[in-house]
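>>> next input, structure requested:
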Amino acid sequence: MAKIFKLKYLLYLLFAVSAVLVIYFLTNAGTIDMDFKANNKALGSPAVYTSLSVFLGWAYILLGGAFLLAVILPLIYMIKNPQNLKKMFVSIGLVVVLFVIAFLFAKGEPLLSNAVAVQEASSQSIKTIDTGLIATYILMLTAFSAIVWGGIRSLFKN
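Numbers count the residues shown, from 1 in each chain. Now for the predicted structure:
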């Protein structure tokens, strides 16, 4: 109970610091000078640069903390429960198989377009993007199928 109590106040502190930094950023954002041609500067006063760098710095700190927790907490769980390693490796294997299938279906050819300013991309980057899109489509189809199957199954079960 004491750990939850401490965590609750830590979360309140993080939220309060974030709220103060958002207010600080927004109050200085009003000083942005949009007349670029007249002043030859994009963002006006130095206070905007300072508030933006403080705001982005805090965002990087929060992102880094979230990343560390996302990596460290599952490792601690795996050490405490080694019997679940088999399930984890099966899940990772299924994800690898999904991306291999998506990679095999990816063509790596650019779409023909009537767009005016199309930048040429390498075939490898196009194939990588195609792989991500196809994997997303497969996951969406799987999720939709599971939802439909669950609904149909519950109709016949009751």
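>>> ranges for the helices of this structure?
2-29, 36-39, 46-80, 85-105, 123-157 (DSSP state H).
>>> what's the neighbour count on L69?
Applying other CB atoms under 10 Å, we find 10 residues neighbouring L69. For every residue, glycine as well, the C-beta is placed using N, CA and C.
>>> can you check I61 too?
Other residues close to I61 by other CB under 10 Å number 12.
>>> and what of the one 5 residues further on?
By the measure other CB under 10 Å, the count of residues near A66 is 10.
>>> how far away is the residue nearest the centre of the chain from A70?
Nearest to the geometric centre of the chain sits L63, at 10.1 Å (CA atoms, centre = their mean). Distance, L63 to A70, using CB to CB, to the nearest Å: 10 Å.
>>> distance check, A19 against Y60.
18 Å.
>>> ok, L14 next?
14 Å.
>>> do K86 as well
36 Å.
>>> and what of T50?
Applying CB to CB to T50 and Y60 gives a distance of 16 Å.
>>> again, but for A102
A102 sits 31 Å away from Y60, going by CB to CB.
>>> L14 and Y60 - which one has more neighbours?
Set L14 next to Y60 and count neighbours by other CB under 10 Å: L14 wins out with 14 against 10.
>>> I'd say that one and W58 touch.
No - using CB atoms under 8 Å, L14 makes no contact with W58, being 9.7 Å away.
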